[in-house]
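# sequence and predicted structure, then a few things I'm wondering about:
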Amino acid sequence: MNTRSYIRSAFSLIEILLAIAILLIALLGVAAVFPRVLLTQQDASRSVSALPQEEQAKAALLARERTGPEFWTAWAEQSPANPTVNPPIPAPPAGAIPLPFDGSWYVPPITTDDTTYPAAGLPTLPVPHGSLVIGTVIREAQQAFGSNAATPFLRDRRIIIPLKERLRLDNPDSPTSAGSVWDIAIRRMTFRDFGGNFGQILPGNAPVDSRVQIAMFVRPLDSRLGVIPGEQNNSVKSLREALYSRWGALPAADRRLPLAVDATEGIPTNDGLYQDRIYSNLLLASISVGTSTTNNTGQLLEVFDIDGDTPSANPLTAPGRYEDLIRFMRVPGQILVGDDGSVIEVAASMASDPLTSVRLAKPLTTFGTGYQVVFSPQKPSRVSVFMANPPGR
């Protein structure tokens, strides 16, 4: 009987190396996508968890005893000084904060220490740290008793919203906790121009539109926020104490901010520490339309200023700060709110994009010679834009 032997050839070393190389390339592609998937899931989880807080914040902001529709209408109808009209319009009283008359956004201040909020002729208001200050002081005409003569009086329309009403902690009695805090920007809905006097409400002329729009940003707390119980003579044991307590009774090392930025550079620190830090409030940016380019990867717009022409001691608003802060505006998935109320998503930048530009996921449809946006230095969990008072008020 004849027997035949069969010899089966094995893979060569070169073939094995090629197969390994192909496998590594495929794994590298999967590894590149995996972090993006995790970030997407994280953003989605934060958005869902922030939804109840967003709804509660909107309801609380609009349903407070003193923040009904007339509160926002009176604020929108306040005029700055105009000595050229007849009769002249006097300067607003001390403590008054008129909203911008050109429809641009106004970011209310956040107090950075226990303080008082004075106004001429009115009692000072005790204000705890981290409070949101909205509203204004209004000078109104009042008929003198038994006479037709009108005498002015001041009405205090300021509202103080303390930090604990804006902050949500998942575990407030723990040394560390996840959570979120909400902040707002406010704007008039329209330009005002009465009788050639831009931005003035003249006597006898009813306002055309007194509606007010609010952009609310729900923002995740600093990722490294927490306290070490007993570190400072056992003065604080929980994050609630470090955030809510009167700061006059706490050493600076025990104080915590929900969102902190470096007081010198104005850059988010993500640690919530108080020393050499300030609260990270919302920012305003101006976009140049003249350098707009649109293609299949979105719309590229040049950012030429971030709060640069707003005088303030806050380093975030110093001229030229946008060169450092622009990268926080360029984060993929970042949300900008335009001065027409549009909610705009930022797309990933391309290697060829200028460092002072921002790429939008979708092109803007209509805007004038310039465009203003408000945004959070930290990418927010949720953003909503809504009316503070009914149409026509």
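Great, that's in hand.

# please, where are all the helices along the stretch 51-200 of the chain?
Secondary structure of the stretch 51-200 of the chain (DSSP state H, counting those that start in this stretch): helices located at 69-76, 163-166.

# which one, of these, ends up nearest to Leu51?
helix 163-166 (15.9 Å; Cβ to Cβ). Placement of C-beta: from N, CA and C, glycine included.

# which stretches of the stretch 251-393 of the chain have low pLDDT?
Scanning the stretch 251-393 of the chain for pLDDT under 70 picks out the ranges 289-298, 304-324, 365-370, 390-393.

# you'd agree Ser180 is up against Asp222?
No - using Cβ atoms under 8 Å, Ser180 makes no contact with Asp222, being 11.0 Å away.

# among the helices of the stretch 51-200 of the chain, which gets the worst mean confidence?
With a mean of 82, helix 69-76 has the lowest mean pLDDT of the helices of the stretch 51-200 of the chain.

# now for that helix, which elements pack on it?
strand 132-143, strand 150-161, strand 212-220 (3 or more Cβ pairs under 8 Å, 6 or more residues apart in numbering; DSSP states H and E).

# the helices of the stretch 51-200 of the chain into a markdown table, with extra columns for mean neighbour count and distance to Met216?
As requested, the helices of the stretch 51-200 of the chain are exported to a markdown table (neighbours: other Cβ atoms under 10 Å; distance: least, Cβ to Cβ, whole Å):
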| stretch | mean neighbour count | distance to Met216 |
| --- | --- | --- |
| helix 69-76 | 20 | 14 |
| helix 163-166 | 18 | 10 |
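
# for Arg211, which of the ones you listed is the nearest?
Among these, helix 69-76 sits nearest to Arg211 (Cβ to Cβ), with 7.1 Å.

# now the closest one against strand 212-220, angle please.
For helix 69-76 against strand 212-220, the angle by axes from the mean of the first three to the mean of the last three Cα atoms, to 10 degrees is 100 degrees.

# give me the contact list for helix 69-76.
99, 135-136, 138, 157, 159, 188, 207, 210-212, 388-390, 393 (Cβ atoms under 8 Å, 6 or more residues apart in numbering).

# who's in contact with Met189?
Met189 makes contact with 103, 209, 211-213 under the criterion Cβ under 8 Å, 6+ apart.

# buried among the residues you listed? Make that a ChimeraX selection.
Selection of buried members from the contacts of Met189 for ChimeraX, criterion 16 or more other Cβ atoms under 10 Å:
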select :103,211,212,213
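
# okay, who's weakest in the contacts of Met189 by pLDDT?
The minimum pLDDT among the contacts of Met189 falls on Asp209, with 65.

# mind jotting down where the strands sit in the stretch 151-300 of the chain?
167-169, 179-188, 193-194, 197-198, 212-220, 260-262, 277-279, 283-295, 298-306 (DSSP state E, counting those that start in this stretch).

# in the stretch 101-250 of the chain, where is pLDDT below threshold?
Using pLDDT under 70, the stretch 101-250 of the chain drops low at 117-125, 139-154, 190-209, 229-234.

# ok, now with 50
142-150, 192-207 (pLDDT under 50).

# output the helices of the stretch 51-200 of the chain as CSV; include the columns distance to Gly130.
Shown next, in CSV, are those (distance: least, Cβ to Cβ, whole Å):
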stretch, distance to Gly130
helix 69-76, 22
helix 163-166, 3
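
# count of residues packed around the closest residue to Pro172 other than its chain neighbours?
Leaving aside its sequence neighbours, Pro172 sits nearest to Arg240 (Cβ to Cβ, 6 or more residues apart in numbering; 4.0 Å). Using other Cβ atoms under 10 Å, Arg240 has 19 other residues around it.

# what sits against Arg240?
Arg240 makes contact with 169, 172-173, according to Cβ under 8 Å, 6+ apart.

# go on, Leu51?
Arg382.
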